[in-house]
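Chemist: Fold the following, please.
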Amino acid sequence: MYGNQVKAYQQTQKMGMTGREIEADVLTKAALKFRECQDNWDNGGSNGMLGEAVRYNQKIWSIFQGEMVDPNNPLPVKLREDILTLSRFIDKRCFDVLAFPKAEKLDILIRINLNLAAGLRGSTGEEAGEAGEEGNK
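Modeler: Below is the predicted model of the structure:
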């Protein structure tokens, strides 16, 4: 019963968010999915949870890639190129972690997502992680 009310509240809250806030929110969510995999690594975190977390993260980064190659994107060319370079690293790391799973390989993905989320929010990476954890409780 309360689950439907929570979902309705979350949808209403998202409608009032800016694009930057939404991007920060999904990056934080991806980082927390990876952290959950690490926390549950010995209890199945390297199985289905990992695949789900990687797919979620790849969807986000695919959207970013599409935005960066859009000629109408208002960001400076150098910044767009840097984001594309970072996204290639993210793709390689995701494929590597799926092919050769190790919990510690997720650390860099977590840090990148949290730091970018923090930048979008105008805060530090630690604050982004803490906000994301509180938002998912």
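Chemist: Work out which residue lies at the spatial centre of this structure.
Modeler: Nearest to the mean C-alpha position of the chain, counting by C-alpha atoms, centre = their mean, stands residue 27 at 2.7 Å.
Chemist: Please report how far that residue lies from residue 37.
Modeler: Separation of residue 27 from residue 37 (C-beta to C-beta, to the nearest Å): 16 Å. In short, each C-beta sits where N, CA and C put it, glycine included.
Chemist: same thing with residue 88?
Modeler: Using C-beta to C-beta, residue 88 is found at 22 Å from residue 37.
Chemist: for residue 30, same thing?
Modeler: From residue 30 to residue 37 the distance is 11 Å (C-beta to C-beta).
Chemist: Need the overlap of contacts for the two.
Modeler: When contacts are counted by C-beta atoms under 8 Å, 6 or more residues apart in numbering, residue 30 and residue 37 are jointly contacted by residue 53.
Chemist: Below-threshold pLDDT in the chain: ranges please.
Modeler: 1-16, 44-45, 124-137 (pLDDT under 70).
Chemist: So in it, which helix runs the longest?
Modeler: helix 77-99 (DSSP state H).
Chemist: For whichever helix or strand comes after it, list every residue counted as buried.
Modeler: Downstream of helix 77-99, the next assigned helix or strand under DSSP states H and E is helix 106-121. Buried residues in helix 106-121, defined by neighbour count with 16 or more other C-beta atoms under 10 Å: 106, 109-110, 112-121.
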